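>>> Quick one: sequence and predicted model below, then my questions.
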Amino acid sequence: MNAWLPGDFIRRVTNEYPQHADALLHCLCNEAVTDRTLRCLQGFPPDEIEGYVPGEQVLWHPESTYFKRNPSEKNRPIHAYPGYQAGAWYVQEAAGLLVHYLLNRLQAEGAPMGMLLDACAAPGGKTLTLLDILPEDGLLVASEPMEHRLPLLEATVARSGSDRVLLVQNPAQNWRGLPSFFDGILVDMPCSGEGMFRKHREAAKDWSLSKCTSLVTLQAEILESLYRALRPGGWMIYSTCTFGQEENTGQLLPWIRSGRLQPAQWSLPEEWGWVHASELDQRWDPQHGAWWSLPGRTQGEGFFCSVLRKPLESESEHSPAFGRPTDLHSLAEGLKKHVRLFKGGLSSVPTGFPSPHLAMAYGKKHGRYPRTGPWSLEDGCPVVDLDPTLATWYCQGQNLALGELRNGWNLMTYQGLGLGWMHREGTRVRNYFPKSLRIAR
C-alpha cells in the first residue's frame, strides 16, 4: 500500500500521529488528489470560465471553486486561456486559501496592514491574497530568494493590476537588516513538502530525515530574522506544506513559551475539516490558533498554518531602517541599499512603448492607474475588446489586422480586462504581448 513512500516518513508519521497515521497514509497512497481550485479574481462567475467544470465552493474562501478539467480540453495548459492571461482567475491549492480567511480576521480585529511582506512569495498566489486586504495607501513587498522563480512571481503580480507591490530578491533570513519595519509578514516556509506527496510523488524521492533536520535549522534562522523585521504590535502568518511537528509546532513553541510571539486564540468551523494542532501535538495549547489540513480530513492537500502577534511592549533592538514610505518609489529608494530590487509598479519602460504591466492593470479591482505621464490609461487610449478566439491569437503573438485599430498604441482587452498592447502605423500592425507569456500555437 505504502511502497512508494519513504520508510522513515511512514515510521515518523506513525510515531507522531498514531491516531491519524493509518487514515493519512492510506489517503496519500490510494485516494485521488483533491480537485484544484479556481480563484476568481475579478468577480467572474465560475461557470463562465472556459475549459473547466466547476464544483463546490471552497468553504473557507467563497470566491474559489473546486473544478475538474473539461475532458475535451485536457491537454490545454492553464496559461493557454485568455481569461488566465488577463487575470480574471488564478489556480491555487485549496488548503493554502485558508490564509485569506485568517487575513480577513486580522483585518477585522484592527491589525495594522500598511506595510506588508510576503517573505517567500513565488509563484505569487499568497501575494494575491495579501493584495485582497491591502488598504488603498498600503504597500506590499513580495520577496523571493530564488532568481529563476522571480519571472513567475512577476507575471502573477502583473495580472493583478496592482501598482502597490515591490518585487525583490532577498533570502528570508536576511530581513533582520530592516528592524521593526513591517506591520505584517506572511512566511510560507521552505519545508520538506510532505503535504504535496500525493500531488507530486517525485517530492517523496527527495525526502530524508537529514533534509528535514537541515530545513528545521533554516526555518529557525528565517523566523529569527522575520521577528526582528516585524514591528511591535505586528502580526505573522507562519505556514508550511508539511506534516512534521518540528517544522511546525516545534518551531513556534519556544517563541510562544518565551512570550516573544503570542498566538491568536481562534477556532475554525468544525465542518471545514481542519485539525487543530493540539490534536496532533500534545505540547500545543488547545486555545492557540494553529491548524493542519490532512488529506482525507480536509478537502485539500497537506498544509499547516498559525497566526501570531508580536507584543506591543516588545523592545525593538533598533529603530526602523528608514522613514515610513508613502509610495512605491520611496519604498524602492529606501530598500535598494538592503536588497536587490526586481520590479515594482506600472511605470513605462525606457524603450519607447508603454509597460505591459500598465496594460494588465486595466479593469482590475487592484488597479490604481497613473494620472500623469505619456502612458496614462485615462488619456483616451483606444481600447479593443477581443472575443475568445481573437484573444487567444493575440496571446500567441499574432499581428491582428483589426478594423478597430487606430494609428498609435491600442490597448487589447478580454472581457474588459487588459491583456497588452498593439501598435498600428498605417497598414503595419505589431503585437506587443510579452514574449515570455505567449501561448504556443
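Thanks, I have the structure now.
>>> Was I right to think residue 37 contacts residue 93?
Yes. The criterion here is Cβ atoms under 8 Å, and residue 37 meets it with residue 93 at 7.0 Å. Using the backbone N, CA and C atoms, a C-beta is placed for each residue, glycine as well.
>>> Looking at those two, which is more packed in?
Shown here are residue 37 and residue 93; by other Cβ atoms under 10 Å, residue 37 has more neighbours (28 against 20).
>>> mind listing the strands for the stretch 1-150 of the chain?
For the stretch 1-150 of the chain, the strands defined by DSSP state E, counting those that start in this stretch occupy 37-40, 52-58, 61-69, 89-92, 115-118, 139-143.
>>> Looking at those, which is nearest to residue 184?
Between residue 184 and the strands of the stretch 1-150 of the chain, the tightest spacing by Cβ to Cβ is seen for strand 115-118, at 4.8 Å.
>>> quick one: average pLDDT of that closest one?
Averaged across strand 115-118, pLDDT comes to 97.
>>> Neighbouring strands - and their directions - for that strand?
Here strand 115-118 is paired, per DSSP bridges, with strand 139-143 (parallel), strand 182-188 (parallel).
>>> what's the spacing between residue 431 and residue 386?
Separation of residue 431 from residue 386 (Cβ to Cβ, to the nearest Å) stands at 12 Å.
>>> Quick check: can you list the domain ranges of the protein?
Domains of the chain are assigned by automatic domain parsing as 32-92, 95-309, 346-437.
>>> From start to finish, how long is the second one in a straight line?
Criterion Cα to Cα, to the nearest Å; first-to-last residue distance in domain 95-309 is 22 Å.
>>> i'd like the first residue to be 36 from this point on
From this message on, residue numbering opens at 36, which makes the last subject domain 130-344.
>>> That domain: how far from the chain's middle?
Remark: domain 130-344 is offset 10 Å from the chain centroid, using Cα atoms, centre = their mean, to the nearest Å.
>>> Quick check, pLDDT for residue 103.
81.
>>> nope, residue 90 is what I meant
pLDDT recorded at residue 90 is 86.
>>> Same question for residue 122.
Confidence at residue 122, expressed as pLDDT, is 89.
>>> Check the one 5 residues further on too.
The pLDDT attached to residue 127 in the predicted structure is 90.
>>> and what of residue 431?
96.
>>> my guess is it meets residue 476, correct?
Yes. Applying Cβ under 8 Å as the test, residue 431 and residue 476 come out as touching, 5.2 Å apart.
>>> where does residue 292 fall, phi/psi-wise?
Here is the backbone geometry of residue 292 (degrees, to the nearest 10): phi -60, psi -30.
>>> how many other residues sit next to it?
11.
>>> what's the spacing between it and residue 462?
On the measure of Cβ to Cβ, residue 292 and residue 462 end up 73 Å apart.
>>> same thing with residue 121?
In terms of Cβ to Cβ, residue 121 sits 28 Å off from residue 462.
>>> So which of the two has more stuff around it?
Higher neighbour count among residue 121 and residue 462: residue 121, with 30 against 6, using other Cβ under 10 Å.
>>> For the more buried one, which non-adjacent residue is spatially closest?
Counting by Cβ to Cβ, 6 or more residues apart in numbering, residue 121 lies nearest to residue 452, which is 3.9 Å off, once chain neighbours are set aside.
>>> In this structure that neighbour contacts residue 122, no?
Yes. Counting by Cβ under 8 Å, residue 452 touches residue 122, with 5.9 Å between them.
>>> what residues are shared contacts of the two?
Common neighbours of residue 452 and residue 122, using Cβ atoms under 8 Å, 6 or more residues apart in numbering, are 77, 395, 399.
>>> quick one: which of those has the most company?
Neighbour-wise, the shared contacts of residue 452 and residue 122 (other Cβ under 10 Å) top out at residue 395, 28 neighbours.
>>> Which residues are in contact with the residue nearest to residue 121?
By Cβ under 8 Å, 6+ apart, residue 452 lies in contact with 77, 121-123, 395, 397-399.
>>> So between residue 431 and residue 476, which is more surrounded?
residue 431 (14 against 8).
>>> can you give me phi and psi for the more buried one?
phi -80, psi -10.
>>> Excluding its own residues, what touches stretch 250-261? List them.
Outside stretch 250-261, the residues that reach it (Cβ under 8 Å, 6+ apart) are 152, 154, 207-211, 220, 222, 224-227, 271, 273, 281-282, 285-286, 290.
>>> so residue 468 touches residue 453, yeah?
No. In this structure, residue 468 is not within contact of residue 453 by Cβ under 8 Å, at 11.0 Å.
>>> Mutual contacts of these two, please.
residue 447.
>>> The residue nearest to residue 121 and residue 218: what is the separation?
30 Å.
>>> Which parts of the chain are helices?
Remark: helices assigned in the chain by DSSP state H are 42-51, 56-65, 117-120, 133-143, 160-168, 185-195, 237-240, 244-264, 284-293, 312-315, 363-370, 391-396, 423-430.
>>> Between the two ends of stretch 168-180, how far is it?
Stretch 168-180 stretches 24 Å from its first residue to its last (Cα to Cα).
>>> And that stretch, what's buried?
Neighbour counts over stretch 168-180 (16 or more other Cβ atoms under 10 Å) mark 168-169, 173-180 as buried.
>>> now those residues in CSV, with pLDDT and distance to residue 106?
Shown next, in CSV, are the buried residues of stretch 168-180 (pLDDT from 0 to 100; distance: Cβ to Cβ, whole Å):
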residue, pLDDT, distance to residue 106
168, 94, 37
169, 94, 39
173, 94, 43
174, 95, 44
175, 96, 39
176, 96, 42
177, 96, 36
178, 97, 40
179, 96, 35
180, 94, 39
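>>> can you tell me which of those lies nearest to residue 343?
Closest to residue 343, out of all of the buried residues of stretch 168-180 and judged by Cβ to Cβ, is residue 168, at 17.0 Å.
>>> separation between the closest residue to residue 43 other than its chain neighbours and residue 282?
With sequence-adjacent residues excluded and distances taken as Cβ to Cβ, 6+ apart, residue 43 is closest to residue 244, at 5.1 Å. Plainly put, residue 244 is 12 Å away from residue 282 if you go by Cβ to Cβ.
>>> ok, those two, which is more surrounded?
Between residue 244 and residue 282, counted using other Cβ under 10 Å, the more crowded position is residue 282 (23 against 13).
>>> thinking that one is in contact with residue 226, fair?
Yes. At 5.3 Å, residue 282 counts as touching residue 226 under the criterion of Cβ under 8 Å.
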